[in-house]
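**Student:** need coordinates for the below:
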Amino acid sequence: MTKKKKSVTKKRKILVIMSNRWDRNQKPRLLELDCDPEGSILKQRALRSSPARRRYDEVWENDEGKTDFAACHRFSRKYGHKLQKPKT
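**Tutor:** Okay, here's the model as predicted:
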């Protein structure tokens with residue numbers, strides 16, 4: 001008899017910053033995404049304020065001024081962001 005191995009899936013935490021490049025006075029919206037290794041979004045939640053600790057695997061930004069995640073088409077990755085986890 002052989003035992004089946006359980007596939008361990010590591011979820012990634014991603015911070016999405018939706019800002020407005022034309023109106024810098026507008027407060028940016030922050031979203032936290034839980035994704036599987038393939039990039040499928042498992043859970044999405046809005047954050048009330050900027051997190052205090054570095055706990056995100058990736059940080060992405062959209063500066064088109066859209067208010068909804070589904071309406072955004074272009075995201076840019078922010079490498080070395082202050083809220084991104086340090087490499088171990």
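**Student:** once you drop chain neighbours, what's closest to residue 81?
**Tutor:** Computed as CB to CB, 6 or more residues apart in numbering, the closest residue to residue 81 that is not its neighbour in sequence is residue 59, at 4.0 Å. Yep, even glycine has a C-beta here, placed from its N, CA and C like the rest.
**Student:** what's the answer for residue 45, then?
**Tutor:** The shortest distance from residue 45 to any residue other than its chain neighbours is 5.4 Å, reached at residue 32 (CB to CB, 6+ apart).
**Student:** so the one you found sits against residue 13, correct?
**Tutor:** Yes: under the criterion of CB atoms under 8 Å, residue 32 makes contact with residue 13 at 6.6 Å.
**Student:** what is in contact with the two at once?
**Tutor:** Residues within reach of residue 32 and of residue 13 at once, by CB atoms under 8 Å, 6 or more residues apart in numbering, are residue 56.
**Student:** so how far is residue 77 from the residue nearest to residue 81?
**Tutor:** Distance from residue 59 to residue 77, counting by CB to CB, to the nearest Å: 7 Å.
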